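Participant: Give the three-dimensional model of this entry:
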Amino acid sequence: MWSYPNYIPLAPDEIYGIWKAIKDLDFEDTHGAFLGQEIRGNSKAMVLESAKIIVRASGHLQHPLLNEV
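Facilitator: Have a look, this model is predicted:
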């Protein structure tokens, strides 16, 4: 069974805080806890795009995160 707290979305400012904490790090790959969850190459861009998707989906179309590149 999945953890129910994992279904509660973070607020856009909290997502932006996570991005600000990692944006100066250089990384290409990410690793998940289970098989098949690894992303090889271009992971940093994917993390940012994923963050932008959830911020847009929650209706915050003017949030500063959306200006990050």
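
Participant: what's the neighbour count on residue 58?
Facilitator: Residues contacting residue 58 under the criterion other C-beta atoms under 10 Å number 14. Placement of C-beta: from N, CA and C, glycine included.

Participant: Please tell me how far it sits from residue 4.
Facilitator: Distance from residue 58 to residue 4, counting by C-beta to C-beta, to the nearest Å: 19 Å.

Participant: go on, residue 43?
Facilitator: Noted for residue 43: a distance of 27 Å to residue 4, by C-beta to C-beta.

Participant: Same question for residue 38.
Facilitator: Residue 38 is 25 Å from residue 4, by C-beta to C-beta.

Participant: Mind checking which of the two has more residues around it?
Facilitator: Taking neighbours as other C-beta under 10 Å, residue 38 and residue 4 compare with residue 38 leading, 11 against 7.

Participant: Look at the residue lying closest to the more buried one once chain neighbours are set aside and report its pLDDT.
Facilitator: Excluding the flanking residues, the one nearest residue 38 by C-beta to C-beta, 6 or more residues apart in numbering is residue 31, at 5.2 Å. Here, the pLDDT recorded for residue 31 equals 92.

Participant: could we number from 778 for the rest of this?
Facilitator: All right, first residue 778 from here; so that's residue 808.

Participant: Residue 808 contacts residue 820, correct?
Facilitator: No - with contacts counted by C-beta atoms under 8 Å, residue 808 stays clear of residue 820, the gap being 9.3 Å.
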